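Peer 1: Got a sequence here, can you build the structure:
(2 chains)
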Amino acid sequence: MAHSRTARRRWTAAIGLTGVAALALSACAESGRTDDPGAGQVGGTLTFGAAGAPKLFDPFYATDGETFRVSRQMYEGLVGFKPGTAEVEPALATKWDSSEDGKTWTFTLKENVKFHDDSDFNAEAVCFNFDRWYNQKGAGQSDAVSQYWLDNFGGFADTPDKPSLYKSCTAKDAKTAVIELNEATSQFPSVLGFTSFSISSPTALKQYDADNVVAAGDSFTYPAYANEHPTGTGPFKFSKFDKANNVVELVRNDNYHGTKAKLDKIVFRIIPDETARKQALEAGDIDGYDLPNAADWPGLKEKGFNVAVRPAFNVLYLGINQKNNPKLQDLKVRQALMYAINRDQLVKSQLPEGASVATQFMPSTVDGYNKDLKAVGYDPEKAKALLAEAGASDLTLKFFWPTEVTRPYMPSPKDIQAAIAGDLEKAGIKLEVSSKPWNGGYLTDVDQGIPDLFMLGWTGDNGTAHNWIGTFFGRTDNRFNTGASPWGAELAAELAAASSEPDETKRSDMYVELNKKIMEQYLPAIPVSHSPPALVLKSDVKGVVPSPLTDERFGQASKG
Amino acid sequence: MLRYTIRRLIQLVGVVLVLSLLLFAWLRALPGGPVSALLGERSTPESREALTKQLGLDQPIFVQYVKFLGRALSGDFGVSTGVQPGDSALDIFLQRFPATIELSALAILIAVAVGIPLGYMAAKRRGGWFDNISVGGSLLGVAVPVFFLAYVLKDVLSSALGLPTEGRQDAINATRVTGFFVLDGVLTQEWDAALNALEHLILPAVALATIPFAVVFRITRAAVLDVLDEDFVRTAESKGLTAPTIRRRHVLRNAMLPVVTTIGLQTGALLAGAVLTEKVFSFAGVGQALAIGFERRDYPVLLLLIIMATIVYVVVNLLVDLSYALIDPRIRTR
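Peer 2: Coordinates of the predicted model:
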């Protein structure tokens, strides 16, 4: 009997538990009736739906868009970009001059500027930053860490085999910084407008051990500065990153040296799922998000949202790898591919409004664009004739396309692929089409030269031609394997010569000429289109100017 | 009992070791990898080679595994390359695990609180309209994919009830203590924070609860039907025990064994469901991290999360086994 009593007690406990569950449920139901949680956005808080978490808050180590987006609200560089353009304008430097040979740059700095930690911004601080970048050690030199420095300035102080563009920085007086380069480059000074090269507070950099990046097993860990103490000069200051809740919060910098921010706060809510971002906007949980699917634009506009279309600052191309099929080393065959594709139709049917056919590998806003180039029209007969001339009528090509990805230049890879493949087959080219996930083999295969044809593109970092054709063809072991053709090395040399030409007009002419040569004599790949990406905002959000560089700063944004 | 528990835990260590080796090899055999995920369009032959070397991915896989084991023994499971680059995989797990527990626990509570009474009532009214409707409903619960239901809940119910559909909490000032947001709010007496977190839990938990609910309901119904036919129930009735006593002491208790087993087995399904539910509701739990980690080939995070999921699964089922003894005293003697 005693036995049975203890058993009963346990059973009662179990029933009690169910009771708690029921209670919890009723509590839930009740709480459902309380006010909408979106009502938290009182006063001036802008809530932006981010697709991913920022990696860190030290822009120098940043490599991805979500990280840059947060950083650029807190930081400024010596130069900036005129809102809505890729044109350089003064930021922390009010003006600059370069020597005749393009190697010495003198920057006059804005005065009475303070960092968020109240320390002074001056020429010494500028030089401290440059020297910090140049003197990265160990893991700080890795491609995954200091990618933007490596891409734009080359090596570091202790990498003699990999020279750097940067030579030295001298603080002539408090408001004059002189930067010496080892050679002239078309990238200067616009490269200093990249968020990566924003100026941090030397005091904070030192205090929070900013350079202490450690390669830990199979990744990198970052120091306190990058994680919790970003200190710039921008209109917003870091407040917190609540990782458990996936929310980043910035607050207004009341001591900002320019026009102070209107918003009290910016909140970045991390919503990785695209559909979820759209629903959050429609439910009023967020005020905007980036890169709405082009198919959603009309619907969003209809519901009264502001679809802010950026100028197209990208290019989609059909990559050709000459490695595996020698026929592809014949210019006629590559030209045949271009004639075979109905790019007009593709742009009209597959890309958002505002997209255009690419006549070359960069958009018209880039310095060195050749406006005389015309897009070759769709001509399948000519394509067949060219193939016959080249003795390649029985051409069979491996054509790869990516899944699980959308890029600003490629909203729907599947549909674009289908259009291109259909056109090529109409011209009598046999295709072995296969698809792979973007990170699940596609990029690796493309990098290893497995497909003959592939779809890829580029979003520009700045308005210099080097950032476009220089990146694509500036070497011979690139994705197109241009080294397989005798002209590959020639093209690389011509690009290098153009980039190091100090005279702006001359340089620009060289690029114009090169664009023509690339399209008419080399044709390493087929430029397809430029496609405008957008960001979507609630209609009461004002003062956000869509930028071709995605350089949207919320300093002048307001709500309501 | 203690011996049994220890034996099971030792087995678990073996399972985890074998699993980690398999996972380690399997992850690295997946096409793509963290290098291309990190460098994207910007990669060059040099940068790929340098990063591969830096991440230690150029070494033979066996060497990589031994190194991993060595570090893992000292509690270092590597650093994330994709989910939250730079954070240790363990931190990511510790941050996100409470979220998934909160979600799963509420889902299980809902499933049990609704499933058991409904199952019992359906069995009592076997063949009646109530039975037919609830059996049909539970079939629907099994058949409808979680993510579809999640989207329906989001689109239809969220605006009607005014419930939030994204994340774990609004960007309000809340003190973090345990990482369980509801509990934190209670502990710090920040009631609005607790309530806010609870509101965020409801829709995802309801979506997630459909899987265990349907199973709990059907198993309860079947088990109660079985027990109702037993001789001892008839005996109890004939000796004049009251209906509640028979229900509590004889019917439900005997019917609970298979139900509890089922709940244990459902933890695996719950975790799988959590991946989808957390994705749809942007809920920062383990499931979301698994989805992002897989997309970006975040080896350390994937490895740790899957191993931890296995451990949780085994431990929960061990607890279920142990709980038999509570429910059915006859088992204790063995």
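Peer 1: ranges for the strands of the stretch 201-350 of chain A?
Peer 2: Assigned by DSSP state E, counting those that start in this stretch, the strands in the stretch 201-350 of chain A fall at A:214-216, A:219-221, A:236-242, A:247-252, A:265-270, A:288-290, A:306-309, A:314-320.
Peer 1: Now mean neighbour count too, for the ones you listed, in TSV please.
Peer 2: Glycine gets a C-beta too; all of them are placed from N, C-alpha and C. Shown next, in TSV, are those (neighbours: other CB atoms under 10 Å in any protein chain shown):
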stretch	mean neighbour count
strand A:214-216	16
strand A:219-221	24
strand A:236-242	20
strand A:247-252	22
strand A:265-270	23
strand A:288-290	22
strand A:306-309	18
strand A:314-320	24
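Peer 1: Tell me which of those lies nearest to residue B:191.
Peer 2: strand A:236-242 (18.9 Å; CB to CB).
Peer 1: Report pLDDT for the residue nearest to residue B:155 when sequence neighbours are not counted.
Peer 2: Leaving aside its sequence neighbours, residue B:155 sits nearest to residue A:279 (CB to CB, 6 or more residues apart in numbering or on different chains; 7.3 Å). Confidence at residue A:279, expressed as pLDDT, is 87.
Peer 1: I figured residue A:279 was touching residue B:154, is that so?
Peer 2: Yes - using CB atoms under 8 Å, residue A:279 is in contact with residue B:154, at 6.0 Å.
Peer 1: tell me, what's touching these two both at once?
Peer 2: residue B:165 (CB atoms under 8 Å, 6 or more residues apart in numbering or on different chains).
Peer 1: For chain A, what's its nearest residue on chain B.
Peer 2: The minimum distance from chain B to chain A, using CB to the nearest CB, falls at residue B:31 (2.9 Å).
Peer 1: residues contacting that residue?
Peer 2: Contacts of residue B:31 by CB under 8 Å, 6+ apart are A:436, A:437, A:440, A:441, A:444, A:445.
Peer 1: change it to 10 Å
Peer 2: By CB atoms under 10 Å, 6 or more residues apart in numbering or on different chains, residue B:31 lies in contact with A:436, A:437, A:439, A:440, A:441, A:442, A:443, A:444, A:445, B:297.
Peer 1: same deal with residue A:398?
Peer 2: So residue A:398 contacts A:321, A:324-325, A:431-434, A:445, A:450-454 (CB under 10 Å, 6+ apart).
Peer 1: of those, closest to chain B?
Peer 2: Among those, residue A:445 lies closest to chain B (CB to the nearest CB), at 7.9 Å.
Peer 1: The residue nearest to residue B:155 touches residue A:300, doesn't it?
Peer 2: No - judged on CB atoms under 10 Å, residue A:279 makes no contact with residue A:300 at a distance of 11.7 Å.
Peer 1: between these two, which one's more packed in?
Peer 2: residue A:279 (23 against 19; other CB atoms under 10 Å in any protein chain shown).
Peer 1: Output those of the contacts of residue A:398 also counted as contacts of chain B.
Peer 2: Contacts with chain B are made by residue A:445 out of the contacts of residue A:398, judged by CB under 10 Å from any CB of the partner chain.
Peer 1: Any regions of the chain where pLDDT drops low?
Peer 2: Answering for chain A, as no chain was given. Under the criterion pLDDT under 70, the flagged ranges of chain A are A:1-43, A:216-218.
Peer 1: I was after chain B.
Peer 2: B:331-334.
Peer 1: just the helices in the stretch 101-250 of chain B please.
Peer 2: B:129-143, B:146-152, B:158-161, B:181-187, B:191-228, B:231-238, B:243-245 (DSSP state H, counting those that start in this stretch).
Peer 1: thinking again about what came up before, and the contacts of residue A:398, which of them are buried?
Peer 2: Listed as buried from the contacts of residue A:398 are A:321, A:325, A:431, A:433, A:445, A:450, A:451, A:452, A:453, A:454; burial here means 16 or more other CB atoms under 10 Å in any protein chain shown.
Peer 1: Mind checking which of these land in helices?
Peer 2: The helices, defined by DSSP state H, take in residue A:445 from these.
Peer 1: List the buried residues in stretch B:147-167.
Peer 2: Within stretch B:147-167, the residues that qualify as buried are B:149-151, B:153-154, B:157-158, B:161-167, counting by 16+ other CB under 10 Å.
Peer 1: from what I can see residue A:225 touches residue A:117, true?
Peer 2: No - judged on CB under 10 Å, residue A:225 makes no contact with residue A:117 at a distance of 11.2 Å.
Peer 1: more neighbours, the two?
Peer 2: The residue with more neighbours, out of residue A:225 and residue A:117, is residue A:225; 25 against 14, by other CB under 10 Å.
Peer 1: show me what contacts the more buried one?
Peer 2: Applying CB under 10 Å, 6+ apart to residue A:225 gives the contacts A:56-58, A:60-61, A:200-201, A:204-212, A:231.
Peer 1: Now cross-check these against chain B and list the overlap.
Peer 2: Checking these against chain B by CB under 10 Å from any CB, the ones in range are A:56, A:61.
Peer 1: Select only the buried ones of the contacts of residue A:225 in ChimeraX?
Peer 2: Buried residues among the contacts of residue A:225 (16+ other CB under 10 Å), as a ChimeraX selection:
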select /A:56,57,58,60,61,200,201,204,205,208,210,211,212,231
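Peer 1: Which of the contacts of residue A:225 fall within helices?
Peer 2: A:204, A:205, A:206, A:207.
Peer 1: So what sits opposite the residue in the stretch 201-350 of chain A that chain B sits nearest to in the bridge?
Peer 2: Closest to chain B within the stretch 201-350 of chain A is residue A:219: 3.5 Å, counting by CB to the nearest CB. Taking DSSP bridges as the rule, residue A:219 bridges to residue A:216.
Peer 1: ok, it touching residue B:54?
Peer 2: Yes - applying CB under 10 Å as the test, residue A:219 and residue B:54 come out as touching, 9.1 Å apart.
Peer 1: Grab the most central residue of chain A for me.
Peer 2: What sits nearest the mean C-alpha location of chain A, by CA atoms, centre = their mean, is residue A:65, with 4.9 Å.
Peer 1: Just give the nearest non-adjacent residue to that one, would you?
Peer 2: Excluding its sequence neighbours, the residue lying closest to residue A:65 (CB to CB, 6+ apart) is residue A:550, at 6.4 Å.
Peer 1: secondary structure element for the one you found?
Peer 2: Per DSSP states H and E: residue A:550 is located in neither a helix nor a strand.
Peer 1: on that earlier part again, dump the strands of the stretch 201-350 of chain A into CSV; add distance to residue B:208 as well.
Peer 2: Putting the strands of the stretch 201-350 of chain A into CSV (distance: least, CB to CB, whole Å) gives the following:
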stretch, distance to residue B:208
strand A:214-216, 34
strand A:219-221, 31
strand A:236-242, 23
strand A:247-252, 22
strand A:265-270, 21
strand A:288-290, 25
strand A:306-309, 34
strand A:314-320, 39
